[in-house]
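Colleague: Sequence first, predicted coordinates after that:
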Amino acid sequence: MSRRHSAEERAASFYRVGGKPAAPPKGMSPAGRRIWRGIIASKPVDWFDADQLESLLGHCENRARFNELSLRLAQEDVGSKAFRELAVNLKMIGTTVASSARQLRLTVQNTADRRQAKLAEKGSAMSGDVLVGGLAIRRRAA
């Protein structure tokens, strides 16, 4: 019977056989390349497959544009026409960046070990708090 391997074990096996993190594709903006390198460095080597790397390119470029627009927005007077236009563009690109981050599993939820989170939710048996460990539900049902 085969056992499941953790992301760390898979990444270590990639390194042992010479696997390296993907370099940023040619043609990316300098800001997009920096974002790419940061994301790739923070994930195990096998986190992305080939198709996801293409999506990551778009995510990094959109994120770079989002950062640029954020800086420009901070320099505008609130209520000005330029401020309103930048705010609308920022909202649209922010939605795109958030969506691609979820699809690429880059959100905080994907970094937490779900099993560990569930264990932490149970609380201790010695706790007298009715909201910890589901005691509130049990008392309500009684």
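Modeller: In hand now; what should we look at? Numbers count the residues shown, from 1 in each chain.
Colleague: any idea how far residue 69 lies from residue 96?
Modeller: With distances taken as C-beta to C-beta, to the nearest Å, residue 69 is found 12 Å from residue 96. The way it works is simple: take the backbone N, C-alpha and C, and place the C-beta from them, glycine included.
Colleague: Counting neighbours around each, name which of these two comes out higher.
Modeller: residue 69 (18 against 15; other C-beta atoms under 10 Å).
Colleague: which SS class is the more buried one?
Modeller: When classified by DSSP: H, G, I helix; E, B strand; the rest coil, residue 69 comes out as helix.
Colleague: my read: it touches residue 91, true?
Modeller: No - with contacts counted by C-beta atoms under 8 Å, residue 69 stays clear of residue 91, the gap being 9.9 Å.
Colleague: quick one: low-confidence parts of this protein?
Modeller: Scanning the chain for pLDDT under 70 picks out 1-21, 111-142.
Colleague: quick one, domains of it?
Modeller: The record's domain split for the chain, according to automatic domain parsing, is 7-111, 114-142.
Colleague: Which residue ranges of this protein form strands?
Modeller: Read by DSSP state E, the chain holds no strands at all.
Colleague: Of all the residues in stretch 64-72, which ones are buried?
Modeller: Within stretch 64-72, the residues scored as buried using 16 or more other C-beta atoms under 10 Å are 64-67, 69.
Colleague: could I get the residues you listed as TSV with distance to residue 105?
Modeller: Listed next are these as TSV, based on distance: C-beta to C-beta, whole Å:
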residue	distance to residue 105
64	20
65	22
66	19
67	21
69	25
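Colleague: wait, which of these is closest to residue 28?
Modeller: Among the buried residues of stretch 64-72, residue 64 lies closest to residue 28 (C-beta to C-beta), at 8.6 Å.
Colleague: wait, that closest one sits on residue 39?
Modeller: No - assessed by C-beta under 8 Å, residue 64 is found out of contact with residue 39, at 11.8 Å.
Colleague: Near residue 35, how many other residues are there?
Modeller: Residue 35, neighbours per other C-beta under 10 Å, totals 22.
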